[in-house]
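>>> Let me see the structure of the following:
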Amino acid sequence: MSGGSVEVSVVLPAYNEEATIENTVETTLDTLESFLPSNSFEVIVAEDGCDDRTPDIADRMAAEDPRVRHFHSDERLGRGGALNRAFEAANGETLVYFDTDLATDMRHLEELVESVRSGEYDVATGSRWMPGDEADRPAKRDFASRGFNGLTRLFLGSGLRDHQCGFKAFDRTALFDLLENVEDEHWFWDTEVLVRAQRRGYRVKEFAVDWTPKGDTKVDLVRDVFGMGGQILRCWWEFAVQPRITRRVSMAFGVLLTVMAVFLMGKYLPLERVLTEMSNANPVLVGIAAIVYVISWPLRGARYRDILEELGYTETTGFLTGAIFISQTGNLVFPARAGDAVRAYVVKARRAIPYPTGFASLAVERVFDLLTITVMAGTVLLGLTVTGQATELVQAVIGAKEGQAAKVAVGVAAGVGVAAIAAVVAIVVSARSDRNLVRGAMQWVSSDSYADHVASIVERFTADVQTVAGDRDAFLRVGASSLAIWSLDVVTALLVLVAFEGVALDPVTLVTIGFFAVSVGNLAKVLPLSPGGVGLYEAAFTVFVWGLTPLSWEIALGAAILDHAVKNVVTLVGGVGSMFSLNVSLTTAVEEGSEMSVDSDPTSLDD
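Numbering: from 1, shown residues only. I've put the predicted structure just below:
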């Protein structure tokens, strides 16, 4: 891959550097020529979507000196993306990059280059934080840098002091071996390369450099908190957690959580009384409840069909119902909602629907689910307020004897409900506006280029949601389907409740409490503390039925457990049948779907 006599390629990532780029290139050429033959190196300006005179200056310098090359991008690639593109086109076997502000003293360039060019090291990096040689940095830069590097060492096991110093060199073979697994294309790029190099056993040299801060900086919400922090967590998950999540471990973890829940309930609650109430429930009504819940599944398939049609794909209701069955079965069996990625895998593997569309359609469905159950709960709450029963509702939550789990459930439900309404309002408003509200909002909270990357991900999600929200007929059709689905969910719970002995509530109270308890319970189980949301749903359902009706808590809890059990059994039976019908392995679907979910899934809310 080498080009002629060129041994060293220096890449200068540049964004709007018209005031400095010419001096930077000239200084780089002069410094390289001081210790390398004149024709053995090249300098590449990796110009990253500039909107100033940087491209013109780089073009002129490339025309005047054959050792200078210019790569232009019409759109922002991010620092990592610009470096990847330039390194792929570079001719040298030793690949170098440093920041164009020349904050690092150029007298260190020879040591940087020769450390790798000599074959002694595979990677070399300058450091501003070597013991005894700390750079003099402004307090806000010092705090942010030390915090980031400390977290990188703690979570990712790195032995380096400074990961973000823009002064690095790589052996070409080693770098391209590492880049096969490097996912970030922005500010975390060089940190991920260094961490992976150490884990692969490559020889990494870190040496102290004289560094002078140029210009000003600030802690950026999107880049530093969401971007860099999120990337550390991503790599930690890949390195430390994911290798341990085998099929057997996932199954065991789900079983363990369920066993622990049953054990704790048996320890703190007299479950024998609850079991007695459940054993006396009318089996006919419980069976009818199961049938009602089964009826809701073809409606789920039809709604998903309508969503996909708006996104440009036409499939049968039967196939899509099966795909939903399989994905929800995955959510019951595996922790952390791993089943959410299954549906995208199934529609991709069996109908060639692209992963981004699969995840986007799932996100659209989740938005309508959350909006529907939030509106249902809010409508009942308004009715309780008008009739003066809101005070009893508050007392039921605050004064519940076993109310800690219920308080958590209600808190989660309230937060999810508010977020759902806010998100839907924002999406609908954006869908009816000619302005790019997503990117405008992102730029308002962040001026960093990483915000462009985050904005593009959010835009990809909202664009598909807006496709449905912007079409009035589609919005009403999908909304009506969602209302029917969740109404049947409530009817299932009410049939289970009236199956218990001694339940004699007037129809208005029964329907009112049923809609509210089921809605809040489903909002609460968005928090993935256990497979299938077991625990929070029962807590929320129990506290409202017990607190707002004359029924005993044993009946309320028994009904909540039996209601959730009926729904989960229907889901499992449908999921197993769909797996056989569509020839899909659940474990394979979870593994394959999870690999794509990091980049493609903008949301992972549970039904």
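>>> Show me the domain layout of the protein.
Using automatic domain parsing, the domains assigned to the chain come out as 8-242, 245-600.
>>> Can you flag the weakest of the ones you listed by average pLDDT?
In terms of mean pLDDT, the lowest-scoring of the domains of the chain is domain 245-600 (a mean of 72).
>>> the longest helix in the chain is where?
Under DSSP state H, the helix in the chain containing the largest number of residues is helix 355-386.
>>> those helices in the stretch 51-200 of the chain, which residues are they?
54-64, 78-89, 109-117, 139-156, 172-179, 189-200 (DSSP state H, counting those that start in this stretch).
>>> Now do the buried residues in the last one.
It refers to helix 189-200. Residues of helix 189-200 classed as buried: Trp189, Asp190, Thr191, Glu192, Val193, Leu194, Val195, Arg196, Ala197, Gln198 (neighbour count, 16 or more other C-beta atoms under 10 Å). Backbone N, C-alpha and C define where each C-beta goes, glycine included.
>>> Mind listing what's buried along the longest helix of the chain?
Neighbour-count burial for helix 355-386 flags 355-377, 380-381, 384 (criterion: 16+ other C-beta under 10 Å).
>>> of the buried residues of helix 189-200, closest to Ile291?
For the buried residues of helix 189-200, the closest approach to Ile291 (C-beta to C-beta) belongs to Glu192, at 52.4 Å.
>>> wait, the closest one sits on His186?
No - look at Glu192 against His186 with C-beta atoms under 8 Å: they stay out of range, at 10.2 Å.
>>> What helices and strands are in contact with the longest helix of the chain?
helix 283-310, helix 340-351, helix 390-398, helix 404-431, helix 450-469, helix 472-498, helix 507-524, helix 586-600 (3 or more C-beta pairs under 8 Å, 6 or more residues apart in numbering; DSSP states H and E).
>>> excluding its backbone neighbours, what's nearest Asp74?
In this structure, Asp74 finds its nearest non-sequential neighbour in Gly49, 6.3 Å apart by C-beta to C-beta, 6 or more residues apart in numbering.
>>> residues touching that neighbour, list them.
With contact set as C-beta atoms under 8 Å, 6 or more residues apart in numbering, Gly49 has these partners: Tyr15, Ser73, Asp74, Glu75, Arg76, Leu77.
>>> now that we have the residues you listed, which one has the most neighbours?
Most neighbours among the contacts of Gly49, by other C-beta atoms under 10 Å: Leu77, with 23 neighbours.
>>> now that one: how far from Arg85?
7 Å (C-beta to C-beta, to the nearest Å).
>>> From Trp553, how far out is Phe544?
Plainly put, Phe544 is 11 Å away from Trp553 if you go by C-beta to C-beta.
>>> These two: which is more packed in?
Neighbours were counted for Phe544 and for Trp553 using other C-beta under 10 Å; Phe544 has more, 28 against 18.
>>> Surely the more buried one and Phe515 touch.
No - between Phe544 and Phe515 no contact is recorded; they are 10.3 Å apart, counting by C-beta under 8 Å.
>>> is it true that Gly80 touches Thr191?
No - at 9.9 Å, Gly80 and Thr191 do not qualify as touching, with contact defined as C-beta under 8 Å.
>>> Could I get the full set of strands for the stretch 1-150 of the chain?
Applying DSSP state E, counting those that start in this stretch to the stretch 1-150 of the chain gives strands spanning 8-14, 41-48, 68-73, 94-98, 123-127.
>>> In CSV, could you pull the C-alpha coordinates for the first one?
Just to be clear, that refers to strand 8-14. C-alpha atoms of strand 8-14 as CSV (Å, rounded to 0.1, in the frame of the first residue of the first chain):
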residue,chain,number,x,y,z
VAL,A,8,6.0,9.1,6.6
SER,A,9,2.5,10.6,6.1
VAL,A,10,1.5,13.5,8.3
VAL,A,11,-2.2,14.3,8.5
LEU,A,12,-3.5,17.7,9.6
PRO,A,13,-7.2,17.6,10.5
ALA,A,14,-8.5,21.0,9.6
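>>> who are the neighbours of that strand, in terms of helices and strands?
helix 21-33, strand 41-48, helix 78-89, strand 94-98.
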